[in-house]
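Enquirer: any chance you could fold what I've pasted below:
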Amino acid sequence: MSISIANNITALSLLQFGQQSAFATTLLNSTSFSATSDAILKSLASAFSSSAKLQQQFSDALDKALKNGVASDGQKIHPDNARHNAMVDVILANRGDFPPEEFSIHNDLPDGASITTEIPSAAALKAAAFKAEVSQKQAAYDAAIDMSAAQVDPDVVKINAMSQVVKSLVLDSAEVGAENDTGSQALEILTRNYLSQA
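Expert: Residues are numbered from 1 along each chain as shown. Here you go, the predicted model:
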């Protein structure tokens, strides 16, 4: 019989939740929700109540969380947990619309569990975004350098080939002459006029 009661309570909770799911202010005004301070809670409520865009984002995030949310035990995510997650998603996506300091939000769940999320300060999020952008640009730069180092310039190959030819002509000829005379033959080869003067 206890399973039936639990199912009925869950069904009732889902029914009540479905009627109020589109409003972030429902979560903010509930007794199970709290923030670091009353001032933060009032700022959150003010931001959501004055912005249809934030309300819509909350509703969309909530729908997504309810459809895709699965708890660690494999069960569907509880609606209160989904509302909390949707709230966090909207706050982080629109960090400039909320208090700039770091704060936390807390939600008590019906089964006695609770969830608390630390929201980083706006400055910390900007710093993290900047660091990620710099890291991404550095990786792209490093990849470009690696690509250019891996590519062979045809002109460099030609110059290297010509230098090998000249080296072998001059030094190989000098080695043949060096067997007979150590320095004079090499000097004669180097100073010889190879172009005919006609």
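Enquirer: how about the nearest residue to L41 once chain neighbours are set aside, phi and psi?
Expert: Nearest non-adjacent residue to L41, counting by CB to CB, 6 or more residues apart in numbering: A35, 4.2 Å away. Quick note: C-beta positions are derived from backbone N, CA and C, even for glycine. Main-chain dihedrals, A35, degrees, to the nearest 10: phi -130, psi 180.
Enquirer: how deep is A35 tucked in, by neighbour count?
Expert: Neighbourhood size, A35 [other CB atoms under 10 Å]: 19.
Enquirer: contacts only, for it.
Expert: By CB atoms under 8 Å, 6 or more residues apart in numbering, A35 lies in contact with L41, L44, F103, S104, I105, H106.
Enquirer: kindly indicate which of those lies nearest A129.
Expert: The shortest approach to A129 among the contacts of A35 belongs to F103, at 18.9 Å (CB to CB).
Enquirer: tell me which residues touch that closest one, please.
Expert: Counted by CB under 8 Å, 6+ apart, F103 has contacts A35, T36, S37, I40, E118, I119.
Enquirer: so which of those belong to helices?
Expert: Among the contacts of F103, the members falling in helices (DSSP state H) are I40.
Enquirer: most surrounded residue in the contacts of F103?
Expert: Taking other CB under 10 Å as the neighbour criterion, I119 ranks highest of those with 23 neighbours.
Enquirer: who's that residue bridged to?
Expert: Beta bridges link I119 to F103, judged by DSSP bridges.
Enquirer: T25 reaches A45, doesn't it?
Expert: Yes. Look at T25 against A45 with CB atoms under 8 Å: they come within range, at 6.1 Å.
Enquirer: the helices in the protein, which residues?
Expert: Counting by DSSP H, the helices of the chain are 2-20, 24-28, 38-49, 52-68, 79-93, 122-150, 154-180, 184-191.
Enquirer: what's the fourth one packed up against?
Expert: The one in question is helix 52-68. helix 24-28, helix 38-49, helix 79-93 (3 or more CB pairs under 8 Å, 6 or more residues apart in numbering; DSSP states H and E).
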